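K.L.:
Below are the sequence and a predicted model; questions follow.
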Amino acid sequence: MTYQTSFSDLEYSHKKRLTRREVFLNEIEQTVPWIKLVALIEPAYPSSERRGRQSMPLASILRIHCMQNWSCFFDRQIEDALYEIESIRRFVAG
């Protein structure tokens, strides 16, 4: 899905240095076999064929869960972090 670049996206892309969180997330991105993990969990994940609110993509949920454990965030804290911290938002988007 393509979308229009926002001012925050432009500002973030022209940063001069990476934070420790960004370095950590980049290392995790290269280390963890996300595709294999998603394939392993997918049979147990609810399908979107049900009525009601559609579930989030499994890859995003897996990344949120891992990020929540690595950062010791509670549900509300990870939700706030996704709104406030660009590096976490980009990591979860994959």
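P.N.:
Thanks, I have it.
K.L.:
and Ile88, what does it touch?
P.N.:
The contact partners of Ile88, taken as C-beta atoms under 8 Å, 6 or more residues apart in numbering, are 21, 25, 67, 81-82. Glycine gets a C-beta too; all of them are placed from N, C-alpha and C.
K.L.:
need those residues in TSV with distance to Ala44, can you?
P.N.:
Below are the contacts of Ile88 laid out as TSV (distance: C-beta to C-beta, whole Å):
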residue	distance to Ala44
Arg21	30
Leu25	26
Met67	20
Ala81	26
Leu82	24
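K.L.:
In helices, which of those appear?
P.N.:
With DSSP state H as the criterion, helices contain 21, 25, 67, 81-82 from among the contacts of Ile88.
K.L.:
Now restrict the residues you listed to buried residues only.
P.N.:
The neighbour-count test (16 or more other C-beta atoms under 10 Å) applied to the ones in helices among the contacts of Ile88 identifies 25, 67, 81-82 as buried.
K.L.:
Just the pLDDT at the residue lying farthest from the centre of the chain, thanks.
P.N.:
In the chain, the residue that sits farthest from the middle, by C-alpha atoms, centre = their mean, is Arg51; the gap is 25.2 Å. Note on Arg51: pLDDT of 73.
K.L.:
That one: what secondary structure?
P.N.:
Classification of Arg51 using DSSP: H, G, I helix; E, B strand; the rest coil returns coil.
K.L.:
what's the answer for the one 4 residues further on, then?
P.N.:
Applying three-state DSSP to Ser55 yields a three-state assignment of coil.
K.L.:
neighbours around it, how many?
P.N.:
Ser55 has 13 neighbours, counted by other C-beta atoms under 10 Å.
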